[in-house]
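Chemist: From the sequence below, what's the structure:
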Amino acid sequence: MTPVPAHRGHRITVEPGTEHVRVVHDGRVVAESRRPLVLRETGCPVRYYLPPEDVRADLLTPSPTRTHCPFKGDASYWSLPGGEDAVWAYREPREEVAAIRGHLCFYGTEVVPEPA
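Modeler: Okay, here's the model as predicted:
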């Protein structure tokens, strides 16, 4: 686990996950991974950052949208057909969260339950 130093109560951790996660958009599997990075951040939902090899890049269209997070850095976005700015990544994240560099994060990632 990589903890980011707390700043006025704000905390971020990044750790390798064992969850099986999947992203489905319009009935099509866009990404699926058993090796996500799990990012936990104060006041935010858990986010899964997926290796690019586990993402259908052929379905992504670069977006002009850019955002800045004071704790992670500058994010670039991609859209899916009918889903604007649905995916983001930090190409040059802050050193404290360097593990997420190049990994992609999606809105609507689901954790797939393992068979009992």
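Chemist: going forward, measure contacts between C-alpha atoms and count neighbours the same way
Modeler: Fine.
Chemist: count of residues packed around residue 82?
Modeler: By other C-alpha atoms under 10 Å, the residues close to residue 82 number 9.
Chemist: How about residue 24?
Modeler: Residues lying near residue 24 (other C-alpha under 10 Å) number 13.
Chemist: Go ahead and name everything in contact with the host helix or strand of it.
Modeler: Element membership for residue 24, per DSSP states H and E: strand 21-25. Outside of strand 21-25, the residues within contact range by C-alpha atoms under 8 Å, 6 or more residues apart in numbering are 29-34, 36, 48, 80, 106, 108-112.
Chemist: could you measure residue 60 against residue 52, distance?
Modeler: Distance, residue 60 to residue 52, using C-alpha to C-alpha, to the nearest Å: 11 Å.
Chemist: Grab the most central residue of the chain for me.
Modeler: The centroid of the chain falls nearest to residue 105 when counting by C-alpha atoms, centre = their mean (2.2 Å).
Chemist: hmm, back to that, comparing residue 60 and residue 52, which residue is more hemmed in?
Modeler: Set residue 60 next to residue 52 and count neighbours by other C-alpha under 10 Å: residue 60 wins out with 19 against 14.
Chemist: looking at it, that one is touching residue 77, isn't it?
Modeler: No. Using C-alpha atoms under 8 Å, residue 60 is not in contact with residue 77; the gap is 9.4 Å.
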